[in-house]
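Trainee: Could you work out the structure for the sequence below:
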Amino acid sequence: MHTVAFVLAAFACLAAVSSTVEMAIGSRRLRRLKDTEPLADACGRVSVIAAARNEERHIAEAVGSLQRQTYPDLEIIAVDDRSTDDTGSILDDLAQVSNSLNVLHISELPDGWLGKNHALHCGAAKASGQYLLFTDADVVMESTAVARALAYMREHGIDHLPVAPGVRRQGFFLSLLVAAFLYLFTLAKKPWLLRCRGPFYMGVGAFNLITAEAYRKAGGHERIAFRPDDDMMLGKQVKAAGLRQDMLIGRDLIELEWYSSCGDMMRGLEKNAFAGLNYSLAFAVLICMLMLVVLVLPPLAFFFTAGWTRVLNLAAFVLWTASWADQARLWKISPFYAPVFPLGILLLVFTIGRAVVKTIMTGGITWRGHFYSLKELRQNRL
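Mentor: Residues are numbered from 1 along each chain as shown. Okay, the predicted model is just below:
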């Protein structure tokens, strides 16, 4: 038993050392959207495509922020995806006073498509721009966000540029869960390596800017028609096509309310948590076990071990805490949450486990009032 405890503590400490160093160095290589000067003149039309379903609470503010963009050649395509609230009528009212806003109403969902993916596909088919910006209907952008992103793409020869937004949140537990998700997502996806040719890829639903040519070359949304994680999968297709990709931190210029509560986030991740693990139960169990052993066990085991095992557990906890506090600056999360990060990990493990079990037990996912079978979802593995 003592040997097992020592091995687990050593493994956790080694993981903490390597991850802390990698995150500290890698995150400082990430660039910020606000550090790029916005374009003053147009260099091609940008078609902004926003899919909206029952977004009457946010849609006016989000579309208003798009209408205030300083980029001079902007086309806005708002896709009302079978909304049952006032989303469609709000969009129609906004279009009457704006020449740049085009509203596309969708009344039916064809077989073989997820609703949002189909809406974005239809919007892209209507777009006339040389650049396509896919965004969500609850995202608010500062007036120079598009002009800055396009300037960065032009300067660095990028085909696809996702921009990570700031996340508005309220409450202790929601902040912990968001922090846990963002930290581990960043560690796993390593966005500082996107500029290199290799397996790492990225996509951000709030701000996915891509050239129309690259979008077509990557296969568009047709190749990912049944992927709940369509933003990430578009990024994967871009890298698979040999195109250039990068990511910027846009927390100062782009913002959204991702989820309103901890429970809301748990329910929201039901649709894509299993998809992010490629619908593999074994992989899901492995990831959850690793999180528990590496991140949660050390501070608990500290009280029940002695000698070098105890020292290793303490070292792992201190390193993880320091790394979490350091990374908090990226996402505008208080570093004072760092000492209780294991609680955030427990919430995340529960969220993933809940999503996986519910998807398997019900045989699929329910997203925005529509059921999609797990059999169909697995057919669109990439």
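
Trainee: For residue 76, what are phi and psi?
Mentor: In terms of degrees, to the nearest 10, the main-chain angles of residue 76 are phi -110, psi 120.

Trainee: In contact with it, which residues?
Mentor: By CB atoms under 8 Å, 6 or more residues apart in numbering, the contact list for residue 76 reads 47, 48, 50, 63, 66, 67, 98, 100, 101, 102. In short, each C-beta sits where N, CA and C put it, glycine included.

Trainee: From those, which one has the minimum pLDDT?
Mentor: pLDDT across the contacts of residue 76 is lowest for residue 98, at 84.

Trainee: Would you agree that residue falls within a strand?
Mentor: No. Counting by DSSP: H, G, I helix; E, B strand; the rest coil, residue 98 is not found in a strand; it is coil.

Trainee: That one: neighbour count?
Mentor: Counted with other CB atoms under 10 Å, residues neighbouring residue 98 total 14.

Trainee: before we move on, what about residue 361?
Mentor: When counting by other CB under 10 Å, one arrives at 8 neighbours for residue 361.

Trainee: For residue 208, see how far away it is.
Mentor: 32 Å (CB to CB, to the nearest Å).

Trainee: and what of residue 356?
Mentor: Remark: distance between residue 356 and residue 208 (CB to CB) = 26 Å.

Trainee: Residue 249 now?
Mentor: From residue 249 across to residue 208, the span is 15 Å (CB to CB).

Trainee: Residue 371 - that's part of a strand, no?
Mentor: Yes. Checked against three-state DSSP, residue 371 lies within a strand.

Trainee: Next, residue 328: phi, psi?
Mentor: phi -60, psi -30.

Trainee: from here on, count from 670
Mentor: Sure thing, new numbering starts at 670, so read that last one as residue 997.

Trainee: Got the confidence number for it?
Mentor: Reported pLDDT for residue 997: 86.

Trainee: gap between the nearest residue to it once chain neighbours are set aside and residue 696?
Mentor: Spatial nearest neighbour of residue 997, chain neighbours left out: residue 1004 (4.4 Å); criterion: CB to CB, 6 or more residues apart in numbering. Look at residue 1004 and residue 696: by CB to CB, they are 14 Å apart.

Trainee: residues in contact with the residue nearest to residue 997?
Mentor: Contacts of residue 1004 were listed using CB under 8 Å, 6+ apart, and they are 993, 994, 995, 997, 998.

Trainee: Only the buried subset of the residues you listed, as a PyMOL command please.
Mentor: Burial among these is assessed by 16 or more other CB atoms under 10 Å; the matching PyMOL selection reads:
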select buried, resi 993+994+995+997
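
Trainee: quick check, nearest of the contacts of residue 1004 to residue 913?
Mentor: Among the contacts of residue 1004, residue 998 lies closest to residue 913 (CB to CB), at 27.4 Å.

Trainee: Give the other helices and strands that whichever strand or helix holds the closest one contacts.
Mentor: In the assignment (DSSP states H and E), residue 998 maps to helix 976-1000. Contacts defined by 3 or more CB pairs under 8 Å, 6 or more residues apart in numbering; DSSP states H and E place helix 976-1000 against helix 671-696, helix 841-858, helix 966-970, helix 1010-1031.

Trainee: what's the closest of those helices to residue 747?
Mentor: With CB to CB as the measure, helix 841-858 is the member of those nearest residue 747 (27.2 Å).

Trainee: for residue 925, helix, strand, or coil?
Mentor: For residue 925, the assignment made with three-state DSSP gives strand.

Trainee: so it makes contact with residue 834?
Mentor: Yes. Checked against CB atoms under 8 Å, the pair residue 925 and residue 834 is within contact range at 5.5 Å.
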